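Visitor: got a structure for you, letters missing:
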């Protein structure tokens, strides 16, 4: 039968197969690997020291989730500010799974705004609103950069784990 031995499907930028190695999205792979620790087949020799590869993956995924939560919080806060004419919205690129913040116009065309367009809009606002918009823009840019950096760190950790030699221990001759 055509395609024997390969089970799975491709979902816009994310492939899911029976084996871990075929998952394209590195964060999805990290979540899957950190949860499914098959300790009988592969041992992370530095796991108990806090320096193991799986520990780094779990910490990276937790940090990524924290940044995404901060993004959602900032987005919700921006929607409550009256008089700005724009708000921050969280976008997710389905092809890679990356999450980022960007400004969206509240009235009219409801289009996305560049950082420069928002600064132009903010220049016509009262000083307290202008200061809030500029702080929110800087924070959004920092969160976007941090999210990208954490995704890159997870990608590096994945490559390091994939090339690392698994430590397999033989069964003891004393066990029954």
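Guide: Thanks, I have it. Only a predicted model underlies this, so the values are computations on that prediction, with no experimental measurement involved.
Visitor: Name the spans of the protein whose pLDDT lies under the cut-off.
Guide: Across the chain, the ranges flagged by pLDDT under 70 are 1-23, 35-53, 95, 164-176.
Visitor: what about the strands in it?
Guide: 8-11, 14-17, 86-92, 99-105, 112-113 (DSSP state E).
Visitor: quick check: longest helix of the protein.
Guide: helix 127-163 (DSSP state H).
Visitor: and the angle for that one with strand 86-92?
Guide: 10 degrees (axes from the mean of the first three to the mean of the last three C-alpha atoms, to 10 degrees).
Visitor: Quick check: buried residues in helix 127-163?
Guide: 129-130, 132-133, 136-137, 139-140, 143-144, 146-147, 150-151, 153-155, 157-158, 161 (16 or more other C-beta atoms under 10 Å). For glycine as for every other residue, the C-beta is placed from the backbone atoms N, C-alpha and C.
Visitor: now do stretch 121-128
Guide: Per 16+ other C-beta under 10 Å, stretch 121-128 contains these buried residues: 121-122.
Visitor: Now do it: distance from first to last residue.
Guide: Distance between the two ends of stretch 121-128: 14 Å, counting by C-alpha to C-alpha, to the nearest Å.
Visitor: which other residues reach it?
Guide: 83-86, 113, 129-130, 133-134 (C-beta atoms under 8 Å, 6 or more residues apart in numbering).
Visitor: which one of those is nearest residue 75?
Guide: residue 86 (11.8 Å; C-beta to C-beta).
Visitor: partners of the residue nearest to the closest one when sequence neighbours are not counted in the sheet?
Guide: Distances taken as C-beta to C-beta, 6 or more residues apart in numbering place residue 103 nearest to residue 86, at 4.9 Å, with adjacent residues excluded. Taking DSSP bridges as the rule, residue 103 bridges to residue 88, residue 113.
Visitor: dump the residue contacts of the residue nearest to residue 107 when sequence neighbours are not counted.
Guide: Closest residue in space to residue 107, ignoring its immediate chain neighbours: residue 85 at 5.9 Å, by C-beta to C-beta, 6+ apart. Residues in contact with residue 85, defined by C-beta under 8 Å, 6+ apart, are 105-107, 121.
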